[in-house]
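Visitor: Just to be clear, the model below is a prediction. Sequence and coordinates:
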Amino acid sequence: MPKKGNRKRLKFRADDVCSESVTVADYANADPAIVKSGRVKKAVANAVEKEVKLLCGLEASQGPVQEVLSSASGVSKDVHDSSEELDSEEGDGEGKVSRKKKNKRRKENGECIDGEEYPIDIWHVLAAYIRPEDVCRFALICKNAWTVTCTAAFWTRLYKRHYSLDADLPSRLQPDSISKMHCLRARVIRSLFHLYEPFSLRVSKCPPLPESTPTTLLNSKCLLFWVNKVSGTRAETMWEFNFKFVKQPAKVKNGCDQGLELPRLYKDVLTNPDSDCYLLRVTTLNFIFTSVVMGMTLTMFTINVSTDMRHHRVRLEFQDSPMVRGKRLRGDPGTQVVLDPVHTVRLMDWWHPQYPISSCT
């Protein structure tokens, strides 16, 4: 389909045009969207000149007719000049189209032609006033702002701004541990869920049972599975079934990754072995024998009401191979794990205060 900017202009014949064909769009104050030149077209001007000659009559009075003809000739001259200008404008239009194509190519190649690039020192100064919940927004401003959020100085200052001596922190999140470069970003984020009130309230408000079955764990691989015996507020002993999952790596089209490459100097700071991991902790009233599911992929996760209508039941289905396009393989029967009766169900991200942390982090 032809582009809107390259519309073909209609060709008029002087014999076919009369005074009735002259519209408001043919005058200087017309809408530029309708008439780009803003002047009378040459074919229309010639038709008007011819009709003036016929109406006035050359033999009736030579004086007024000469004035009319002189004015008409002046109009035709102006129209001729305007046609030349129109041709030049069309040439300029083609140049604009070519410039637009060049600008489009530059944008596709990642070249920035608009805006200003400020020194990275300015972004370091601004980063000192960023709240923890606004770090992601700040990093999305530009590449220099993102680079600042990758530095060890940024995360160290963020920790010191919210640290207090009377804070109840585990030993792995004390200031002595923060001085280490390895996994610094992960340790600071975990510390903020103890020190920063908006983050700690977010964790404390989580209900013991989710309102709806979470779908985050689908097609995730089970890395670890263990059971703990706990004594809670109830007189009877309860059991915790812990499943540690890791997300399957997303497939990238054409084998290319569009993400930014992390700075080499700060790769140790940004290292986090548990970045794509979750912990599913199901607390039951009784001990239940389950199959070994480590290394298998979770294909179904449901939370329903138990048969006694007093508790809940959790059902997990695992398969040896991951799902393809969200569908399970028909030939693989899989392994089922049914936990009933259930007291609490908690799904924890790697930054949760109750998430078990390995020695390397």
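Guide: Yep, it's here.
Visitor: and the gap between residue 336 and residue 318?
Guide: Distance, residue 336 to residue 318, using C-beta to C-beta, to the nearest Å: 8 Å. (Glycine included, C-beta is placed from N, CA and C.)
Visitor: Looking at the two now, which is surrounded by more residues?
Guide: Taking other C-beta atoms under 10 Å, residue 336 and residue 318 do not tie; residue 318 has more neighbours (22 against 13).
Visitor: Spatially nearest residue to that one (excluding sequence neighbours)?
Guide: Spatial nearest neighbour of residue 318, chain neighbours left out: residue 296 (3.8 Å); criterion: C-beta to C-beta, 6 or more residues apart in numbering.
Visitor: ok, now residue 353?
Guide: Once flanking residues are discounted, residue 353 sits nearest to residue 193: 5.4 Å by C-beta to C-beta, 6+ apart.
Visitor: same thing with residue 348?
Guide: Nearest residue to residue 348, sequence neighbours excluded (C-beta to C-beta, 6+ apart): residue 279, at 4.4 Å.
Visitor: which ones are touching residue 177?
Guide: 171, 187 (C-beta atoms under 8 Å, 6 or more residues apart in numbering).
Visitor: shaky segments in this structure?
Guide: Counting by pLDDT under 70, the chain contains low-confidence ranges at 1-41, 48, 52, 55-114, 232-234, 251-259, 326, 331-332, 359-361.
Visitor: 80 instead, please
Guide: Applying pLDDT under 80 to the chain flags the ranges 1-115, 211, 231-236, 249-262, 323-333, 358-361.
Visitor: what are the ranges of the helices in it?
Guide: Per DSSP state H, the chain carries helices over the ranges 42-56, 62-108, 120-127, 135-139, 143-148, 152-162, 175-178, 184-195, 197-204, 267-270.
Visitor: rewinding a little: what is the burial count for the residue nearest to residue 353?
Guide: Residue 193 sits with 19 neighbouring residues when counted by other C-beta under 10 Å.
Visitor: can you check residue 286 too?
Guide: Neighbours of residue 286 under the rule other C-beta under 10 Å: 11.
Visitor: Likewise for residue 288?
Guide: Residues within reach of residue 288, counting by other C-beta under 10 Å, total 16.
Visitor: which ones are touching it?
Guide: By C-beta under 8 Å, 6+ apart, residue 288 lies in contact with 239, 241, 338, 339, 340.
Visitor: Show me which pair in these is furthest apart.
Guide: 239 and 338 (14.2 Å; C-beta to C-beta).
Visitor: ok so, going back, can you flag the buried ones in the contacts of residue 288?
Guide: The neighbour-count test (16 or more other C-beta atoms under 10 Å) applied to those identifies 239, 241, 339, 340 as buried.
Visitor: of all those, which comes closest to residue 351?
Guide: Closest approach to residue 351 among the buried ones among the contacts of residue 288 (C-beta to C-beta): residue 241, at 21.9 Å.
Visitor: Which residues belonging to stretch 145-154 are considered buried?
Guide: Across stretch 145-154, burial judged by 16+ other C-beta under 10 Å covers 145, 146, 147, 148, 149, 150, 151, 152, 154.
Visitor: hmm, I was thinking of stretch 290-308
Guide: For stretch 290-308, a neighbour-count test (16+ other C-beta under 10 Å) marks 290, 293, 296, 297, 298, 299, 300, 301, 303 as buried.
Visitor: ok, back up a step: what separation do you get for the residue nearest to residue 318 and residue 317?
Guide: Residue 296 is 10 Å from residue 317, where distance means C-beta to C-beta.
Visitor: Overlap of the contact sets of the two?
Guide: Counting by C-beta under 8 Å, 6+ apart, the contacts common to residue 296 and residue 317 are 334, 335.
Visitor: Noted, bye for now.
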